[in-house]
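Engineer: Fold the following, please.
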Amino acid sequence: MDSIRPCPAAAKSKIARTFQRAIHFKSATKNLSNHGFCLLIPQEKLKCCESQQFEKENLEEEAKESKNRAAVEAFVAKLFATISAVKAAYAELQMAQFPYNNEAIRSADQAVVDELKALSELKHRFLKKQIDSSPPHVTLMLAENQELQSLMKTYEITMKKMQREIERKDSQISLLQDQLQEIVQTNKSLEIKLNASGSFSILDNVKFSDSNPTVFIMVLHYALRSIRNFVKLLIRNMDSANWDIDAAANAIQPEITFSKRDHKGFAFESFVCREIFSGFNEPFFSIKNDNQPLPNGTDPRRIFFFEHFKKLRSVSVIQFLGQNPNSLFGKFLKAKYLHLVHPKMEFSFAGNLNQRKMVNSSGYPETEFFKAFAEMGRRVWLLHSLTFSFDQEVSIFQVKRNARFSEVYMESITDDIFVAANRDFRVAFTVVPGFKVGQSVVQSQENVM
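Structural biologist: Take a look at the predicted model:
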């Protein structure tokens, strides 16, 4: 069987179609080359390209924002630096006015004007949005440096003002100290004159017939004021001589706990009262009286003591001692001074014993310390003389340590007894002795525990 052969026309037609398709593809390729080249890009590659483009734009935008932020920071730093410069210039202007310095004021005023102009220029730049500084980091560094310099200048000016104020205050303190010293000296002089003058109108009105507890208490308080003045002077001298006040108080009243520091003064007051009132119940404190024997009889004896009271109640004690060196009062004062003022104490106060030697030889120094002592002695002598002029018996009493506190015979010198009323208080020591005037009791003053 013969094989079947394709028809020549059909084969030609097939070749023609194939060739035609080839030509069409070539034409299409040529047209594409004439109008641009187009490739079909996969979707994944397209997304990657878009992401890179977006990141690039973000970086550019961040760089731009960073640049703007740096410019703003530099502008703000410059603004604050200029404000600090204005403050420093104004502080310098104030400094130049006290004390007044015309040249310094003019220079400082010009500096204030210049800094205000710079501040105004920054304001206009901000309004016109011309805040770019090139380069910003240099502007920032310069602004910080300027602000530090302005702050340093302000601090220096403030320190100078404070130094001037300290000097002014020191000058005022020195002036006030001088004035205080003058006032203290004036007060001391007035106190000495007042005490030495003996002018006490109430004493001048005391009569021989006034033998009652009221008059006694009045003269007792008159004497106690001089005792406390002497104790204050004694403590001041101890303090000036660098004494250990606590140790001295404990030596007088051992094993006593004082609730307040100033209560230690009661220990010294108790010592002075104990010594100055020693022998009070005896005529003339048991001083030997050969030149003026006591008269016989009660009434003559009372008149005798009242005359001693009148003789000393209105005189200057130093003047009286100078005119009557061998009087009973002079002997009393000499004995009390030599017994109460220890030689070591006097030496620590004055640096010598000249005052003691003078008193021992019946002389009477006109020192502040001895005048205060003599005035205290005069007032105690007046109380003693008045007591022996009474027509009723007067006696002195001391309360023993650890005795039960009695409101009938005693009064407390502190407020502790009022704080704990139910407590069983005991006497630590007697500060001021008590007295019995006839049937009446003048309470002693006690430090309680």
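Engineer: number of nearby residues for the closest residue to Ile256 other than its chain neighbours?
Structural biologist: Among residues not flanking Ile256 along the chain, Ala428 sits closest, at 5.4 Å (C-beta to C-beta, 6 or more residues apart in numbering). C-beta coordinates here come from the backbone N, C-alpha and C atoms, glycine included. By other C-beta atoms under 10 Å, 22 other residues sit near Ala428.
Engineer: Run through the neighbouring helices and strands of the helix or strand where Ala428 lies.
Structural biologist: Taking DSSP states H and E as the definition, Ala428 sits inside strand 427-432. Packed against strand 427-432, as judged by 3 or more C-beta pairs under 8 Å, 6 or more residues apart in numbering; DSSP states H and E, are the following elements: helix 265-276, strand 444-448.
Engineer: just checking, next helix/strand downstream of the host helix or strand of Lys87?
Structural biologist: If you go by DSSP H and E, Lys87 is part of helix 43-97. Later in the chain than helix 43-97, the nearest helix or strand by DSSP H and E is helix 102-127.
Engineer: Show me what the helix or strand that that next one is followed by is packed against.
Structural biologist: Note on helix 102-127: by DSSP H and E, the next helix or strand toward the C-terminus is helix 136-197. Applying 3+ C-beta pairs under 8 Å, 6+ apart, one finds that helix 136-197 contacts helix 43-97, helix 213-240, helix 368-388.
Engineer: now helix 136-197 and helix 213-240, what's the angle there?
Structural biologist: 130 degrees (axes from the mean of the first three to the mean of the last three C-alpha atoms, to 10 degrees).
Engineer: Check the offset of helix 136-197 from the chain's centre.
Structural biologist: For helix 136-197, the separation from the chain centroid amounts to 16 Å (computed by C-alpha atoms, centre = their mean, to the nearest Å).
Engineer: angle of that helix against helix 368-388?
Structural biologist: Using the same axes, to 10 degrees: helix 136-197 against helix 368-388 is 40 degrees.
Engineer: Let's test this: mean pLDDT of helix 136-197, rounded?
Structural biologist: In this model, helix 136-197 has an average pLDDT of 76.
Engineer: residues contacting the closest residue to Val394 other than its chain neighbours?
Structural biologist: Leaving out its chain neighbours, the residue that sits closest to Val394 by C-beta to C-beta, 6+ apart is Thr387, at 4.3 Å. Going by C-beta atoms under 8 Å, 6 or more residues apart in numbering, Thr387 touches 216, 280, 394.
Engineer: Closest one of those residues to Ser226?
Structural biologist: Nearest to Ser226, judged by C-beta to C-beta, of the contacts of Thr387 is Phe280 at 15.5 Å.
Engineer: Any idea how many residues pack against that closest one?
Structural biologist: Neighbours of Phe280 (other C-beta under 10 Å): 18.
Engineer: Quickly note the distance from it to Arg274.
Structural biologist: The gap separating Phe280 from Arg274 is 11 Å, by C-beta to C-beta, to the nearest Å.
Engineer: Could you list the domains of the protein?
Structural biologist: 49-160, 196-448 (automatic domain parsing).
Engineer: Comparing the ones you listed, which comes out most buried?
Structural biologist: domain 196-448 (a mean of 16; mean count of other C-beta atoms under 10 Å).
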